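Chemist: Sequence and predicted structure are below.
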Amino acid sequence: MFSKNKKEALHEIDTDQHELIENAQARIRQKKWLYYHFIIFLLGSIFMIVLNKVLEYGVQYNWFIWGIAAWGFIFLIHFINVFVTHKFLGKDWEREQREKLVAKQKAKIAKLQQEVETEYPAENNPKNTL
């Protein structure tokens, strides 16, 4: 069948493709919820205007402006999170940070292992065994 290297390469490609598919699906979900949020924001804004102006609920004050402004600010944060922050703090950034932390941990482990080996050297002399 496959040699060991080909099997590992095939597994690595499958893992990479699987990760790409998962990332794509996550991005699609993020954008989908942003679009839903936008539609609900528009409908909610229209509802607040109708409630205030047409149905004359709290007519002495245009309170709908503050509601729409607050909701618009929340929508803006959601938009920035999906389209701006994702580019800087997305999956690539997470992977890079994870690899840095793993490298630091491996360096610490190697240092500790070296210290242990210098303090307590393993006896390689087979004559000393029982």
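Modeler: Cool, got the structure. If you're wondering where the values come from, they're calculated on a predicted model, not measured in any experiment.
Chemist: Which stretches in the protein count as helices?
Modeler: Ranges of helices in the chain, per DSSP state H, are 4-49, 64-80, 86-88, 91-119.
Chemist: What is the first one packed up against?
Modeler: The elements that helix 4-49 packs onto, with contact taken as 3 or more CB pairs under 8 Å, 6 or more residues apart in numbering; DSSP states H and E, are helix 64-80. Placement of C-beta: from N, CA and C, glycine included.
Chemist: taking the mean pLDDT, what do you get for the helix it packs on?
Modeler: For helix 64-80, the mean per-residue pLDDT is 94.
Chemist: Remind me what it packs against, helices and strands.
Modeler: Identification of packing neighbours for helix 64-80 by 3+ CB pairs under 8 Å, 6+ apart yields helix 4-49.
Chemist: gap between the helix it packs on and the chain center?
Modeler: 11 Å (CA atoms, centre = their mean, to the nearest Å).
Chemist: Next, the angle from that helix to helix 91-119.
Modeler: 130 degrees (axes from the mean of the first three to the mean of the last three CA atoms, to 10 degrees).
Chemist: Show the contacting residues for the nearest residue to Phe75 once chain neighbours are set aside.
Modeler: Computed as CB to CB, 6 or more residues apart in numbering, the closest residue to Phe75 that is not its neighbour in sequence is Phe41, at 5.1 Å. If you count contacts by CB atoms under 8 Å, 6 or more residues apart in numbering, Phe41 has them with Trp71, Gly72, Phe75.
Chemist: okay, now Ser45: neighbour count?
Modeler: Using other CB atoms under 10 Å, Ser45 has 15 neighbouring residues.
Chemist: Equivalent analysis for the one 10 residues further on, please.
Modeler: Look at Leu55: counted by other CB under 10 Å, it has 10 neighbours.
Chemist: ok, now Val84?
Modeler: 10.
Chemist: quick one on the thing from earlier: what about the residue nearest to Phe75, distance to Tyr57?
Modeler: Look at Phe41 and Tyr57: by CB to CB, to the nearest Å, they are 20 Å apart.
Chemist: Lys91 too?
Modeler: Note on Lys91: its distance to Tyr57, by CB to CB, is 46 Å.
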